[in-house]
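K.L.:
Dropping the sequence and predicted coords here.
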Amino acid sequence: MLAAGCSQPASQAVEANSAVTSSKDTTKQTGTPVQPPALVRVVTIKQETIAPEFRALGNVRPRHESIVASGSDGVVAKFHVEVGDFVSEGAVLSELRNESTKLDIEEQEAILKERQAELEEISVPHKEDEVEALARKLSADIMYANAKRRMEEFTALSARGAANQSEVKDAQDTLDASEQTRRAAVAILAKISHPRPETVMQAKARLEAQEKHVAFLKAEQEKRTTKAPFTGFVVAEHTYLGQWLSKGAPVVTLADLQSVEVEVQVDQQYIDQIHEESPVALKIQGTGSSREWTGKVLTVVPRSNWKEGSRSFPVIIRIPNEGFFDKDSVPILPPKPALREGMMAEAEFSGEAVDAIMVPKDSVVRTSRGNFIYVINPSPEGQPLSVRQVEVTLGIGSDTWIQVTGENLEAGMKVVTEGAPRMRPFQPVQIENKEKSEKSKQGE
C-alpha cells in the first residue's frame, strides 16, 4: 500500500495537489468525475526452460506376497514357524496327521512288489523251468521215435502175415499218443522260453497301474506337508496345532522383501511425463530424514478409478532393498531389511524440459469463470497506460512462478502483480515507481 499522512515528502504533496487540481478542471469541463489511473506494480514476463517436478505419496509393499494354503484336509500335527521368521524356499511350514496315509501307501507298495514279481516271472523264465521243459521235449521225441519204429516193424510183419491186425492197431495208437505228447512238450518249452506278447502286456499294464496308484498316494501324502513356495518372511499365521484345516485353507502369509514396490497415484496432467524404467527419487519414513532412495518405474497402470471420480493413475516403482547381503555380498542370516511393508514413501518425479512463458503466481486472478492475468497495453507517448485481460491456462509451477498459456503472450511484456484483483479490462493504470514506494515505506 502507498504511504499516506502528514509524513509525505514535499514533492509528493505537490504532485498530489497537482493531480487534484487537474481532476477538478476536468470535472468542470465534462461535468462527470474522472477516476484517476489505478496505481499498480508490474513484473516482466519471462520465458525459460523448465522441467516439471511433482510428488506423490504411497506405501512400501513386498514385491511378492502369498497366502500359503493347505493342499489337503486334516488336523495340524506340527507347526514349525512363527510370525517374523525368515524361511527359505522349500522349508516346512506345517504338517498334517498322516498315519492312515502311510499305512495305505505300505499296503499298495506290497501289491506293487507282487505285480513286479509277476511280470518278471512271465518275462524272464527260470532256468529250472526251461531245463524241465526241454527234458520233457527230449523224452517225448524218444518215445515218438520208438513208437514210429515199432509201427514200421508191425506194418512189415503184417504184410508178410506174421502180425495180426490188433497188434498193428495198438502200434498205431501208441505212435499217435507219443506224437501228441511230443507236441505238448514242444508247446510247453516254447511257452516257457518265449511268453505270449499279450500276457506280457497285461502284466506290464497291471504293474504300471499299481505304480501310478502308489505315486498318487505319495503325492497326497506330500500335500499334507505345507512348504514355503519362495524365500521370505512369515508376516501372518492363520492356524496352529490341533486345528482342522480344509483343503485350500490358509496356513501363513509369506512376503518377499528382497525388492519392494511403491504404488503412487499420479494425476492425469503429469502421467505423460512418466516412462517405464525411468529413475525415481524417493524419501521413505523410518530410514533417516536425509536418506534418499532410488527406484525405477516398473509400469504405469493404464486405468484410473474413474468410477469413483478419480483421474489419477497408479504408478508402480520397484526399489532394491538392503539388509540381505553385507559389503562382501555374503548373505546376512536372518536378514534385516531396511524397507518394510507399510512404510510411507514420497516419490519425486522429474518430467521432460519444455520452453514456457512464466509469470508470478501473484499475478494470476482466479475466478469462477477461469484464470486471468492483466497485461500492460503499450500506449502512445503522453497517453495513460491501460491493461488488457488475458485468460490463461496454468501449467508447471516453479517456486513463485508458474507457466501460463494464453493469447498473444510473449516474454518481455509487463504483467500486473499488485492490484490485479481490482482490475477491469482496459482500465487506465499508473505503474508505481518501486524506488519511491520503498522511500515512502522508510519514511513511515
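P.N.:
Thanks, I have the structure now. Computed from a prediction, not measured in an experiment: that's the story for all the values here. Residues are numbered from 1 along each chain as shown.
K.L.:
Relative to residue 355, how far out is residue 411?
P.N.:
With distances taken as C-beta to C-beta, to the nearest Å, residue 411 is found 10 Å from residue 355. For glycine as for every other residue, the C-beta is placed from the backbone atoms N, C-alpha and C.
K.L.:
ah, wrong one, I meant residue 210
P.N.:
For residue 210, the distance to residue 355 (C-beta to C-beta) stands at 80 Å.
K.L.:
again with residue 326
P.N.:
Residue 326 sits 49 Å away from residue 355, going by C-beta to C-beta.
K.L.:
circling back: same drill for residue 210 and residue 355, tell me which one is more crowded.
P.N.:
residue 210 (18 against 10; other C-beta atoms under 10 Å).
K.L.:
returning to what we had before: what do residue 411 and residue 355 both touch?
P.N.:
Here residue 411 and residue 355 have residue 47 as joint contacts, going by C-beta atoms under 8 Å, 6 or more residues apart in numbering.
K.L.:
Quick check, pLDDT for residue 31.
P.N.:
Residue 31 carries a pLDDT value of 49.
K.L.:
er, residue 13 actually
P.N.:
35.
K.L.:
I'd like to know how far residue 269 sits from residue 355.
P.N.:
Residue 269 is 18 Å from residue 355, by C-beta to C-beta.
K.L.:
mind giving me the domain ranges of the chain?
P.N.:
Residue ranges for the structural domains of the chain, counted by automatic domain parsing, are given in the record as 36-51+355-443, 54-63+257-352, 65-96+223-252, 104-218.
K.L.:
Report the distance from the shortest one to the chain centre.
P.N.:
Same thing as domain 65-96+223-252. With C-alpha atoms, centre = their mean, to the nearest Å as the basis, domain 65-96+223-252 stands 23 Å off its chain's centre.
K.L.:
repeat for the first one
P.N.:
Between the centre of domain 36-51+355-443 and the centre of its host chain there is 50 Å, according to C-alpha atoms, centre = their mean.
K.L.:
pLDDT averaged over it - what is it?
P.N.:
Average pLDDT, domain 36-51+355-443: 86.
K.L.:
How about the last one?
P.N.:
Taken as a whole, domain 104-218 carries a mean pLDDT of 87.
K.L.:
How far does it stretch from one end to the other?
P.N.:
10 Å (C-alpha to C-alpha, to the nearest Å).
K.L.:
Check the offset of it from the chain's centre.
P.N.:
On the basis of C-alpha atoms, centre = their mean, domain 104-218 sits 69 Å off its chain's mean C-alpha point.
K.L.:
State the phi and psi torsions of the residue of the chain most remote from its centre.
P.N.:
Among the C-alpha atoms of the chain, the one farthest from their average position, using C-alpha atoms, centre = their mean, is that of residue 161, at 109.0 Å. Residue 161 adopts backbone torsions of phi 80, psi 20, taken as degrees, to the nearest 10.
K.L.:
Three-state assignment for residue 187, please.
P.N.:
Three-state call for residue 187 (DSSP: H, G, I helix; E, B strand; the rest coil): helix.
K.L.:
same question but for residue 261, I mixed them up
P.N.:
Taken by three-state DSSP, the conformation at residue 261 corresponds to strand.
K.L.:
Who are the contact partners of residue 287?
P.N.:
By C-beta under 8 Å, 6+ apart, residue 287 lies in contact with 293, 338-339, 343.
K.L.:
Check residue 360 too.
P.N.:
By C-beta under 8 Å, 6+ apart, the residues touching residue 360 are 43, 400-402, 415, 417.
K.L.:
Which ones among these lie within strands?
P.N.:
43, 401-402, 415, 417 (DSSP state E).
K.L.:
so which of those comes closest to residue 424?
P.N.:
When those are compared for distance to residue 424, the smallest value, 15.8 Å, is given by residue 415; criterion: C-beta to C-beta.
K.L.:
was I right about residue 426 contacting residue 379?
P.N.:
No. At 10.9 Å, residue 426 and residue 379 do not qualify as touching, with contact defined as C-beta atoms under 8 Å.
K.L.:
ok, back up a step: make CSV out of the contacts of residue 360 and add distance to residue 247 and neighbour count.
P.N.:
Conversion of the contacts of residue 360 to CSV gives the following (distance: C-beta to C-beta, whole Å; neighbours: other C-beta atoms under 10 Å):
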residue, distance to residue 247, neighbour count
43, 73, 15
400, 65, 9
401, 64, 19
402, 61, 21
415, 72, 23
417, 72, 18
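K.L.:
Tabulate these in TSV, adding columns for distance to residue 229.
P.N.:
Conversion of the contacts of residue 360 to TSV gives the following (distance: C-beta to C-beta, whole Å):
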residue	distance to residue 229
43	63
400	54
401	54
402	52
415	63
417	63
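K.L.:
And residue 56, how far from residue 384?
P.N.:
For residue 56, the distance to residue 384 under the criterion C-beta to C-beta works out to 48 Å.
K.L.:
Neighbour count for the two, which is higher?
P.N.:
For residue 56 against residue 384, the residue with the higher neighbour count under other C-beta under 10 Å is residue 56, and the figures read 21 against 11.
K.L.:
Surely the more buried one is within a helix?
P.N.:
No. With the criterion set as three-state DSSP, the secondary structure at residue 56 is strand rather than a helix.
K.L.:
Quick one: residues contacting it.
P.N.:
Taking C-beta under 8 Å, 6+ apart as the definition of contact, the neighbours of residue 56 are 264-266, 315, 346-347, 349.
K.L.:
Residue 218 too?
P.N.:
Residue 218 makes contact with residue 105 under the criterion C-beta under 8 Å, 6+ apart.
K.L.:
and it, what element?
P.N.:
Mapping residue 218 onto the secondary structure by DSSP states H and E places it in helix 197-223.
K.L.:
Name the residues of that helix that are buried.
P.N.:
203, 206-207, 210, 213-214, 217, 221, 223 (16 or more other C-beta atoms under 10 Å).
K.L.:
Next, report how far that helix is displaced from the centre of its chain.
P.N.:
For helix 197-223, the separation from the chain centroid amounts to 40 Å (computed by C-alpha atoms, centre = their mean).
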